[in-house]
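> Provide a 3D model corresponding to the input given below.
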Amino acid sequence: MITGLQMALAGGGLVGLGLSLLIWRLVPAQPDLGDALERLSPEHVRRTRATEVASPAADSRERLGQWALKTFPAGAWARVPRKELALLRISPTRFYGEKVLFAVVGLITPPLLTVFFTVIGLNLPFVIPVVATVGLAVLMFFLPDYNARDDAKKARDEFNRALGAYIDLVALERNSGSGPRQAMEVAAEVGDSWVFRRLSEELTRSRWSGEAPWEAIRALGHELGLAELEDLADIMRLSGEEGTQIYAQLRARSASMRGAMLNSELAKANEIGERMSIPMSLLGVIFMALLIAPALLRVIGGGS
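Just a heads-up that it's a prediction; the model follows:
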C-alpha cells in the first residue's frame, strides 16, 4: 500500500517539477548566433525546402517539433546531427518531434507498469518507478540521435556504392565527347535509385540557377559529409574550367572507391568470422570438459 509519506513525496516532486518547468519556460532563450545565421542563409533555406518535400508539414511529428522548437531553449537539444538528417532527408522539426515523442513514451511507461504491478499485488519501492521514469525518458530522448547516425551510416555506404557506378558513367560520357555538364546530367538520369535522383535534382537546380554543376556537387558533398563527392567535384572542375582530359582520373577514382569498399567488406567478413569462432571454441571446451569430468570424478572419489 502507498503510505502518506510516499504520497507527500510524490506531491512535492510534482510541485517541484511544475515550478521548474515554469521557470524554464519563462527564462528567455539564448540562441546560438552561428546557428541563427546559418538558418538565415540561402543555402539553408534551399535545403530545408528540399527536405520538406519528403516530410509534409501535416505530419504530427512535424507539428510537435515546431512547437518544441519554439518552446524549449536551444541548449535542450544538445548536438543535432544535421549532416545525417540532411542525408536521410529528415527535417530538424521532425527530428525534434521524434525526440519529444520518445521522451514522453519513456515518461509514461514506468508509471503504467507500476500501476500494473500494484494491481496484481506487487508493490515496488517508491524510488524504483521514479528512477526508472527519469532514466528511461533520458534514454528515449537520445534514441533518435542513435537511429539517425546508424541509418545515415548505412545510407553513406549505399551512396558510395552507387557513386562509384556514377563516376564510371560520367567517365564514359566524357570519353564519348560530351561536355562536363551534359556528362554529369546524362549519367545521373541512367539510374533510378535515390542516389541518382538526388544527384539529378542538384544538377537540375544548378542548371536553372546558373551555378556550375561541380559547385553544386561540392555543396552537396559538404552538406552530407561525403568527401567522395567533393573529390568528384574537383575532378570535374579541372575538366570544365581548364579543359583537362579526366577520363583516366575518373576511372582511377572509381577503382579506388571499389577497392576501399572491398577492403571494408573483407574486414567486416573477418570480424564476423572471428565472432562465429567464439561459440565453436566454447563448444569444444564444454565437450572436453564432459570427456574429462568422469575421469576426474573417479580420481577424486578414489582419493577420498
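
> for the stretch 1-150 of the chain, give me the ranges with low pLDDT.
1-22, 24-58, 74-77 (pLDDT under 70).

> how does it look with 50?
Applying pLDDT under 50 to the stretch 1-150 of the chain picks out residues 1, 42, 45, 49-58.

> and residue 118, how far is that from residue 272?
46 Å (C-beta to C-beta, to the nearest Å). Bear in mind the C-beta positions are built from the backbone N, C-alpha and C, glycine included.

> between these two, which one's more packed in?
Neighbours per residue (other C-beta atoms under 10 Å) separate residue 118 from residue 272, with residue 118 holding more: 14 against 10.

> who touches the more buried one in this structure?
Residue 118 makes contact with residue 124, according to C-beta atoms under 8 Å, 6 or more residues apart in numbering.

> would you mark the buried spots in the helix or strand it falls within?
Counting by DSSP states H and E, the element that carries residue 118 is helix 92-119. Within helix 92-119, the residues that count as buried by 16 or more other C-beta atoms under 10 Å are 92-103, 106-107, 110, 114.

> please apply the same query to stretch 148-165.
Neighbour counts over stretch 148-165 (16+ other C-beta under 10 Å) mark 148, 152, 155-156, 159-160, 162-165 as buried.

> among these, which are located in helices?
148, 152, 155-156, 159-160, 162-165 (DSSP state H).

> distance to residue 284 for those - can I get that in TSV?
As requested, those are exported to TSV (distance: C-beta to C-beta, whole Å):
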residue	distance to residue 284
148	42
152	40
155	40
156	39
159	42
160	40
162	43
163	44
164	42
165	44
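
> out of those, who's nearest residue 248?
residue 164 (15.9 Å; C-beta to C-beta).

> thinking the closest one is in contact with residue 258, fair?
Yes - taking contacts as C-beta atoms under 8 Å, residue 164 lies within contact range of residue 258: 5.4 Å.

> what's the helix or strand for residue 282?
Counting by DSSP H and E, residue 282 is part of helix 247-303.

> how close does the spatially closest residue to residue 200 that is not a sequence neighbour sit to residue 109?
Nearest non-adjacent residue to residue 200, counting by C-beta to C-beta, 6 or more residues apart in numbering: residue 188, 4.0 Å away. Residue 188 is 46 Å from residue 109, where distance means C-beta to C-beta.

> again, but for residue 290
44 Å.

> ditto for residue 132
8 Å.

> please apply the same query to residue 248.
59 Å.

> so residue 79, which of the three states?
Three-state assignment for residue 79 (DSSP: H, G, I helix; E, B strand; the rest coil): coil.

> residues near it, how many?
6.

> wait, what's in contact with it?
Per C-beta under 8 Å, 6+ apart, neighbours of residue 79: none.

> do the same with residue 105
So residue 105 contacts residue 140 (C-beta under 8 Å, 6+ apart).

> now it: how far from residue 60?
14 Å.

> residue 209 too?
From residue 209 to residue 60 the distance is 34 Å (C-beta to C-beta).

> just residue 70 next, same as before
16 Å.

> do residue 90 as well
From residue 90 to residue 60 the distance is 15 Å (C-beta to C-beta).

> so the two - more neighbours on which side?
residue 90 (22 against 10).

> how about the secondary structure of the more buried one?
Classified using three-state DSSP, residue 90 is coil.

> that one against residue 148, yeah?
Yes - the criterion here is C-beta under 8 Å, and residue 90 meets it with residue 148 at 7.0 Å.

> which one is residue 195 nearest to, not counting chain neighbours?
For residue 195, the spatially nearest residue (C-beta to C-beta, 6+ apart) is residue 162, at 3.8 Å.
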